[in-house]
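Novice: Provide a 3D model corresponding to the input given below.
(2 chains)
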There are 2 protein chains.
Amino acid sequence: MFAAVVRHRANTARAARSWDVSATFRSCCLDARCGFSSDAKPPFIDPFTEPPDASTFPAYHPKDYFSFELIHQSTKSNARVGRIHTPHGPIETPGFVAVGTNGALKAAPHGVLRRANLDLMFANTYHLMLQPGAGVVEQAGGLHTFMGRNKPLITDSGGFQVFSLGAIDASDKVNELKKRTKSKHKDGNGLIKQINETGVTFKSYRDGSVYELTPESSVAAQKQLGADIIIPLDELPPYGICDLTLKKSVFKSHRWEARSLRTHLLDLKNQAMYGVVHGGVNDELRELSATYLSSLPFDGFAIGGSLGKDTEELVSMLRKVLRILPDDKPNHVLGIGDPQSVEACVSLGADTFDSTFPTRSARHGSLLTKTRGRINVRNKKFKTLFEPPCWECPCSLCKHHSLAYLHHLDRAKEPMAWTLATEHNLHYMGGMMKELREGILRNEV
Amino acid sequence: MFAAVVRHRANTARAARSWDVSATFRSCCLDARCGFSSDAKPPFIDPFTEPPDASTFPAYHPKDYFSFELIHQSTKSNARVGRIHTPHGPIETPGFVAVGTNGALKAAPHGVLRRANLDLMFANTYHLMLQPGAGVVEQAGGLHTFMGRNKPLITDSGGFQVFSLGAIDASDKVNELKKRTKSKHKDGNGLIKQINETGVTFKSYRDGSVYELTPESSVAAQKQLGADIIIPLDELPPYGICDLTLKKSVFKSHRWEARSLRTHLLDLKNQAMYGVVHGGVNDELRELSATYLSSLPFDGFAIGGSLGKDTEELVSMLRKVLRILPDDKPNHVLGIGDPQSVEACVSLGADTFDSTFPTRSARHGSLLTKTRGRINVRNKKFKTLFEPPCWECPCSLCKHHSLAYLHHLDRAKEPMAWTLATEHNLHYMGGMMKELREGILRNEV
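Specialist: From the prediction side, this is the model:
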């Protein structure tokens, strides 16, 4: 047994660290450090119940609306250049995926993704279920129509937000969301009301109304949203749980993912589903998870859960997982967006990555640049630096403005500071991925 | 004597109403309702001291870098179509002028002005003096370069903000700015420290540091900013003052404007200066002001101060003023932006108008539309209205999105709601002005 040092999708590490598991989950093992139980409420089942065998599923059949085309395998590393064909156009890989939680990038029009050469956009089922409601999006004709985006979209299951927002503790006063949660809709145990084999019942952070998220209801909501790629419901165990509990959680995720897949297969609706590999940084569990999920007829695979405390642990884990996952299907690393980690993952053969990192850090004044490195425009040295962040970047900030102007807008609290910085960082990510693809084609990556 | 019912530049009516003049200015006349003195601190001079005669100024000489071209005078009304030629391109008139206080539109890139057919943009000297400082802008090469805008700009003197923000009272808790003012930098008498014949001394609402704004320093700052059109320092008397005090204020504004003009004439720097006509809704004072200022070698004229409590009073005042102002120079109505007032002013021969109304109301969910009138997208009836606000509007919102999507973004507190609504309202204003120009050319306006 070990105190797992985990990274809960890098972009929400802070939220993960703040989890007070004892307030949310009853203890289930003898390790006092482990307060997490994935089966705290009935119906109880043996937590090590095996998920259904692959033989109970139909064999995988290639889809005419979704496929992965391998363009080039580097001779220098496991890096590869590919293209994912979707009903809303191709996704060049390796590719970075920008996050538009509510069906919109924060402070930037999603048209910027095209200009930044970013093909895929991530939206969050949890948020869209609560506002405006998956039914409203379906009425609009699906998320593409609702958003006015005719490019590929991916949605998650909603589980990640339920498990991370759900365990917010009353002692946590970090941000407005948490304050609202505390003051309006909390009953002392966070927003999760019940978690069992069926699924998870939680209260909306917006108005306190109660929702049930099950593998079936998550898939149903994602069918209403209609993204090109959807994700089965999984369980996100919090930081610091023991191996035994992590194993139970992996088993439950497998059972939930199998149920999600069965629901999806009943009505494909031109959507692809990626299985989510779990197991934290436990090699044995990651192998178990990758092996089991690879046996099911998923269209691709995401690597989720705790990805390690640093790039080294991430790389070590990912190397093993990617060796097991099938080469002829695309893979996606959930919650990774810092350039260093992305580059490391690409050389292992990872295809896509999503993270709020470039957009969120932009709103805090942080710019990713090729020649200056990562800089914070709030630094007073930029007050009179009348140069763009990058001379060659084609974004609006670099083409038309200076660091001094952005510094001024940020100090004046002008929303355009967010917009310009966000667009810049997305261009940086798009440019970096393009260079990586070109490097792979030359066998230099 | 009468209790003047005034409109303090329509877009700041609320701020004007909240002035507690007694806290800021010592009483100067026998009317208990009038607590305003424009000469509360030394050096004292006779408040009815005449401004310098026109004969002490050089005669007006046409500029090669700035001129007004009359294209068509309507046969139906006093409405006229014209073109103001500036060093940064033409301004088609009648034209609406968007306000970018800090050298940026709130929540929208200023590139949208070109797409919306709006030629001139307004920036505020007061805000730019305080952040980043006129010197920084000058170092950048002027406001056009600093902002990355190669189109016409106009700046005001800074006086309007000093006089409106300066009189904020501790009892006023309406908005964040006022709260900050109250908690950090207030000494019980607002931010104005001293007001006399020389100018006004005030504390920055940002950090409490003390600034002196005089006719000379305002022009100097505007020379550093380098806008195409600049405004002389004037005094903005608050709501509810008596005729006698208003008259003193008009006299002082004339003296200040004459000093501003003299300073400007020393070094034109390819800038035009508009005199600002004052006098509230007092016909006699308006006539006096328009007559005096018309005698000075200004390049154009703005109509400022209190413009009346409603469109009727505005029209009545403006009709008289525009009869006096010279036809061969452009005029500008300060702080008018609601479509009804703009249309009324255009028929009287007004050329340009600035207001935060379309952009600020957009951030509060208010959309200007041709077929639906003025609507608030926060109304729940828009939750499932999958139609654009206007079918024919070329803005991003109307081309790519629906009212339901905007309603969702607004409820989800996504900054893109502000951006899309702002761009729409600016397109509306641009479209309306274009239609007015076309109507005048057909003698239908």
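Novice: my guess is A:D354 is in a strand, correct?
Specialist: Yes: when the secondary structure is assigned by DSSP: H, G, I helix; E, B strand; the rest coil, A:D354 falls within a strand.
Novice: what's the burial count for it?
Specialist: For A:D354, the number of neighbouring residues by other CB atoms under 10 Å in any protein chain shown comes to 24. No exception for glycine: its C-beta is placed from N, CA and C like everyone else's.
Novice: tell me the pLDDT at it?
Specialist: Turning to A:D354, the model gives it a pLDDT of 98.
Novice: With adjacent residues omitted, what lies nearest to it?
Specialist: Spatial nearest neighbour of A:D354, chain neighbours left out: A:V97 (3.8 Å); criterion: CB to CB, 6 or more residues apart in numbering or on different chains.
Novice: tally of neighbours for that neighbour?
Specialist: Number of residues near A:V97 (other CB under 10 Å) recorded here: 26.
Novice: That one and chain B, how far apart?
Specialist: Shown here: A:V97 relative to chain B, a distance of 18 Å by CB to the nearest CB, to the nearest Å.
Novice: in what helix or strand does that residue lie?
Specialist: Using DSSP states H and E, A:V97 falls within strand A:95-99.
Novice: Output the contacting helices and strands for the following helix or strand past that strand.
Specialist: Taking DSSP H and E as the definition, the helix or strand that follows strand A:95-99 towards the C-terminus is helix A:112-115. Applying 3 or more CB pairs under 8 Å, 6 or more residues apart in numbering or on different chains; DSSP states H and E, we find helix A:112-115 packed against helix A:415-441.
Novice: gap between the helix it packs on and the chain center?
Specialist: Distance of helix A:415-441 from the chain centroid (CA atoms, centre = their mean, to the nearest Å) equals 18 Å.
Novice: Hmm, A:H407 and A:V377 touching each other?
Specialist: Yes: the pair A:V377 / A:H407 is scored as a contact, 5.3 Å apart, by CB atoms under 8 Å.
Novice: what about these two, which has more around it?
Specialist: A:V377 (28 against 24).
Novice: show me the contacts for the more buried one.
Specialist: With contacts taken as CB atoms under 8 Å, 6 or more residues apart in numbering or on different chains, A:V377 has the following neighbours: A:G365, A:S366, A:L367, A:P389, A:L403, A:L406, A:H407, A:D410, A:A417, A:A421.
Novice: hmm, 6 Å instead?
Specialist: When contacts are counted by CB atoms under 6 Å, 6 or more residues apart in numbering or on different chains, A:V377 touches A:G365, A:L367, A:L406, A:H407, A:D410.
Novice: Let me see the contact set for the fourth one.
Specialist: Translated: A:H407. A:V377, A:F382, A:K383.
Novice: could you redo the last one with a cut-off of 10 Å?
Specialist: A:365, A:376-385, A:417, B:132, B:136 (CB atoms under 10 Å, 6 or more residues apart in numbering or on different chains).
Novice: And for the last one?
Specialist: A:D410 is in contact with A:R363, A:H364, A:G365, A:N376, A:V377, A:R378, A:F382, A:M416, A:A417, A:W418, A:L420, A:A421, counting by CB under 10 Å, 6+ apart.
Novice: Determine the number of other residues adjacent to the first one.
Specialist: A:R363 is flanked by 19 other residues according to other CB under 10 Å.
Novice: quick one: contacts for the residue nearest to A:D354?
Specialist: Listed by CB under 10 Å, 6+ apart, the contact set of A:V97 reads A:91, A:113, A:118-122, A:152-154, A:229, A:332-334, A:337, A:352-355, A:429, A:433.
Novice: before we move on, the earlier item: now tabulate the contacts of A:H407 in TSV and tack on distance to A:K309.
Specialist: Supplementary listing: the contacts of A:H407 in TSV, determined by distance: CB to CB, whole Å:
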residue	distance to A:K309
A:G365	26
A:N376	24
A:V377	29
A:R378	28
A:N379	28
A:K380	33
A:K381	32
A:F382	32
A:K383	37
A:T384	40
A:L385	35
A:A417	32
B:P132	41
B:V136	43
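Novice: List only those of those residues flagged as buried.
Specialist: Among the contacts of A:H407, the ones that count as buried by 16 or more other CB atoms under 10 Å in any protein chain shown are A:G365, A:V377, A:F382, A:K383, A:T384, A:L385, A:A417, B:P132, B:V136.
Novice: was I right about the first one contacting A:A421?
Specialist: Yes: if you go by CB atoms under 10 Å, A:G365 and A:A421 touch, sitting 6.8 Å apart.
Novice: Kindly state the domain boundaries assigned to chain A.
Specialist: The domain map for chain A lists A:54-363, A:366-423, with the assignment taken from automatic domain parsing.
Novice: Among the buried ones among the contacts of A:H407, which one sits closest to B:F160?
Specialist: Looking at the buried ones among the contacts of A:H407 and their distance to B:F160, the nearest is B:P132, at 20.1 Å (CB to CB).
Novice: so is the closest residue to the closest one other than its chain neighbours in a helix, a strand, or just coil?
Specialist: In space, B:P132 comes closest to A:H408 once its chain neighbours are excluded; the distance is 4.3 Å by CB to CB, 6+ apart. Assigned with three-state DSSP, A:H408 falls in the helix class.
Novice: isn't A:H408 right next to B:A123, touching?
Specialist: No: contact status for A:H408 versus B:A123: not in contact, 11.9 Å apart, counting by CB under 10 Å.
Novice: more crowded one of the two?
Specialist: Relative neighbour count places A:H408 above the other of A:H408 and B:A123, with 28 against 23, counting by other CB under 10 Å.
Novice: ok, now which ones touch that one?
Specialist: A:H408 touches A:377, A:382-383, A:401-402, A:414, A:417, B:102-104, B:128, B:131-133, B:136-137, B:140, B:146-147, counting by CB under 10 Å, 6+ apart.
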